[in-house]
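Engineer: Return a 3D structure for these sequence lines:
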Amino acid sequence: MLPDLAYSARHPWARAGLCAALAAAVALAAALAAWWPLQNEHRALEEEISAQRRALARARESEELARAYRQAEKDAASLERKLQHGATQAQLVQGFARLARRHGVKIVSETYEEGRNAAAQPALNAELAVEAGYPALRDFVRELSALPTWSEVQEVRIESAPGGAAQRGRIRIVTYRLAPPAAAKSS
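Structural biologist: A predicted model of the protein is given here:
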């Protein structure tokens, strides 16, 4: 087979083809020699950019976590102050009435009862029947958290009042208070 190849190599087209193949191989080797370092450099830059992005994402996450921690610490202190307030039923009635006047909400009726599980955390349950326009009711419910007590809205039911633009609603509110010292010592 080798003598056949040697004989074929004598033909001018075979020599031209061999020279062209050799020139193409040299050109390919030169292109590969130029491309390979650039590709490695490109890959290294992409890895560096990815590392920078990960570091930036971690920094953002840690900053968000620190911000959330500071907010939680502030909220916990606020809740502790609200819990220390220890509002009586009369103070709670005054607070709801003052808030209702500020927002133009009419309190039609209100009922209060002591929480059933007073051993764990004393609470005062309130149910208010209110009447006003929807924006006023919405603002009233939103502002309940601004009271000096720890009051949480448990349920809100709003329906249209017959013959007007006013809405009627029932709002159930639980106000938590500080446990009495005797109950706190026994737990």
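
Engineer: hmm, who's touching stretch 123-142?
Structural biologist: 87, 89, 92, 96, 99-100, 103-115, 117, 153, 156, 158, 161, 165-177 (Cβ atoms under 8 Å, 6 or more residues apart in numbering). The C-beta positions use only the backbone N, C-alpha and C, and glycine is treated the same way.

Engineer: Keep only those of these that are in strands.
Structural biologist: 106-114, 153, 156, 158, 167-176 (DSSP state E).

Engineer: Filter the residues you listed down to the buried ones.
Structural biologist: Those of the ones in strands among the contacts of stretch 123-142 that meet the buried threshold are Ile107, Glu110, Val156, Ile158, Gln167, Arg168, Gly169, Ile171, Ile173, Val174, Thr175, Tyr176, by 16 or more other Cβ atoms under 10 Å.

Engineer: which other helices and strands contact the longest helix seen in the chain?
Structural biologist: The longest helix of the chain (DSSP state H) is helix 12-85. Using 3 or more Cβ pairs under 8 Å, 6 or more residues apart in numbering; DSSP states H and E as the contact definition, the elements that helix 12-85 packs against are strand 150-160.

Engineer: what comes up buried for the strand it packs on?
Structural biologist: Trp150, Ser151, Val156, Ile158.

Engineer: Give the bridge partners for the last one, please.
Structural biologist: Okay, so that is Ile158. Gly169 (DSSP bridges).

Engineer: same thing with the first one?
Structural biologist: Here Trp150 sits in beta bridges with Tyr176, going by DSSP bridges.

Engineer: Give the full set of residues in contact with it.
Structural biologist: Contacts of Trp150 by Cβ under 8 Å, 6+ apart are Leu79, Lys82, Leu83, His85, Thr175, Tyr176, Arg177.
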